[in-house]
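Enquirer: structure for this input, please:
(2 chains)
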Amino acid sequence: MASPLQPARGTHDLIGEGFRRHQAVIDTARRIAALYGFEEWATPIFEDTRVFARGLGDTSDVVSKEMYSFEDRGGESVTLRPENTAGVCRALVSNGLTQSNLPRKVFYAGPMFRYERPQKGRYRQFHQIGIEVLGAAEPLADAEVIACGWQIQQALGIEEGTILEINTLGDAASREAYRAALVTYFTGHADQLSPDSRIRLEKNPLRILDSKDAGDRALMAEAPTIHSHLTAEAAAFYETVKRHLAAFGVPFRENPRIVRGLDYYSHTAFEFVTERLGAQGTVMAGGRYNGLVEEMGGPPTPSVGWAAGIERLAMLVETAGLTPAAPRAVAVLPTGEAAEAAAIEVLQFLRARGVVAEIAYRGNLKRRMERANRIGAAAAVLVGAAEAGPGEVVLRNLDAGTQAVLPLGNVTAALVEMGLFEAAARAT
RNA sequence: GCGGCCAUAGCUCAGAUGGUAGAGCGCCAGGUUGUGGUCUUGGAUGUCGCGGGUUCGAGUCCCGUUGGUCGCCCCA
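Expert: So this is what the prediction gives:
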């Protein structure tokens, strides 16, 4: 029956296939990011609350109502990280790296926490991978960051059905002018706005562009766009990002309604979206944030990056049928308890050569053979068989049901020949 | 934070109008002593998410609660 002790709401265990998918996402992302010259950082899972309150801005729900904040025993307010960009920027400053050779290119992976109502693809403890280029004002950095994300999705085999949508939020001057124009426009149609959007009009008018309300969307058709309010510099920046994206070979679609939720973004904003995940269709999202390092007490350090939800990527891996198979072991089977000591020697012999080797702890040969079958072993090595001479074992192919007597020293070679262990070939 | 739907063995699920629970898969043990996967025989398992209520009697009705799920808000 169901245990009375369940995982806390919005958390989940990663076991078996789920863990392998999760790990595959991280491994793949780490590998591709390394190709782009990113180094991996691990920053704390909790930080001084001010890191996030200051970094993310107070209009975002993430800060106003979703943070796991609490006082520690010393009376300090700390917060479980709701995202990692602020933490990375804080780390750059704390470690004096704003004086190092910039840009600094950072990759990270780990758990994040937001107190939200869970649903598919959205959890209270979830995991993200992300990259940041710290200290690069050039649009080439924006394009490369996006290209890296796209290549990770390709390497994962999940890029089909996902499209990159990009937009620009402009620089501070562009954004201010646009914001004013939007307020003027929507205030004139306030009676037609959804209740949610009337609140947005007060707090963060740009977010109205994000609304899913049909009425709001109808109004949007006539709404002013950022593009007519961009400064010459901002417009040129955006054009260059798009040109470089094309050179990187990343397909994209412009979407003037992308605004990003967190306050620190400017210029480039983008999302990789898919239809396959229901309401949580954003799979990777980010943009440029030129003021965040300063917020953390550092010098002006223009930066750009993205974060992606590992759970969402893993779901795409699952639906694509790309869940990694569990490694198949070689089962070492003593013919009886008397042969156990010899079997242990064989186990260690195989492991030393890079072969995944397992032994069932108890039972007669039949029991242990059943066990070998149940764990999906590809082959069995029988130790102590009557037909095997000194230094010999019986190697049985559990898929084919064939077996042969051979010297222990020839087992790894035989496994390679059977097509079962390329890894063993490399190790020997 | 708001609304819809759901909650029965490890898993997937069946249990018309209320009468103290079933299947398939899986698991365990046999089908003689050193060989699995197929086949075959037998076996165990559930306080029917939790707490109240209605009733002679509730998995089945009502209320609450917890969790999941879908959507909104927001966001990865």
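Enquirer: now do the contacts for A:L333.
Expert: Counting by C-beta atoms under 8 Å, 6 or more residues apart in numbering, A:L333 touches A:343, A:359-360, A:365, A:368-369, A:372, A:380-383. In short, each C-beta sits where N, CA and C put it, glycine included.
Enquirer: beta partners of it?
Expert: Under DSSP bridges, the beta-bridge partners of A:L333 are A:L382.
Enquirer: ok, and the closest non-adjacent residue to A:P118?
Expert: Spatially, and ignoring its direct neighbours in sequence, A:P118 is nearest to A:G10 (3.9 Å; C-beta to C-beta, 6 or more residues apart in numbering).
Enquirer: show me what contacts the one you found?
Expert: Applying C-beta under 8 Å, 6+ apart, the residues contacting A:G10 are A:116, A:118, A:123-125.
Enquirer: how many residues are close by A:E311?
Expert: By the criterion of other C-beta atoms under 10 Å, A:E311 has 23 neighbours.
Enquirer: quick one: pLDDT of the residue nearest to it when sequence neighbours are not counted?
Expert: Leaving out its chain neighbours, the residue that sits closest to A:E311 by C-beta to C-beta, 6+ apart is A:F126, at 5.5 Å. As predicted, A:F126 sits at a pLDDT of 93.
Enquirer: do the same with A:G336
Expert: Model confidence at A:G336, expressed as pLDDT, equals 81.
Enquirer: phi, psi for it please.
Expert: Dihedral pair for A:G336: phi -170, psi 180, per degrees, to the nearest 10.
Enquirer: try A:A269
Expert: Torsion angles at A:A269 (phi, psi; degrees, to the nearest 10) stand at phi -130, psi 140.
Enquirer: right, and the helix or strand after the helix or strand harbouring the residue nearest to A:E311?
Expert: Secondary structure from DSSP states H and E places A:F126 in strand A:125-134. Remark: after strand A:125-134, the chain's next helix or strand is helix A:139-156, criterion DSSP H and E.
Enquirer: buried residues of that following helix, list them for me.
Expert: The neighbour-count check on helix A:139-156 (16 or more other C-beta atoms under 10 Å) flags A:139, A:141-153, A:155-156 as buried.
Enquirer: between the residues you listed, which is nearest A:P302?
Expert: Using C-beta to C-beta, A:A141 is the member of the buried residues of helix A:139-156 that lies nearest A:P302, at 8.5 Å.
Enquirer: which one is the closest one nearest to, not counting chain neighbours?
Expert: Nearest non-adjacent residue to A:A141, counting by C-beta to C-beta, 6+ apart: A:V133, 4.7 Å away.
Enquirer: so who does that neighbour touch?
Expert: So A:V133 contacts A:103-106, A:141, A:144-145, A:303-305 (C-beta under 8 Å, 6+ apart).
Enquirer: cool, A:A155 as well?
Expert: By C-beta under 8 Å, 6+ apart, the contact set of A:A155 is A:28, A:31-32.
Enquirer: looking at these, which is nearest RNA strand B?
Expert: Closest approach to RNA strand B among these (C-beta to the nearest atom of the strand): A:T28, at 16.0 Å.
Enquirer: number of nearby residues for that closest one?
Expert: Other residues lying near A:T28 total 21 when counted by other C-beta under 10 Å.
Enquirer: ramachandran angles for A:Y123?
Expert: Taking degrees, to the nearest 10 as the convention, A:Y123 sits at phi -130, psi 160.
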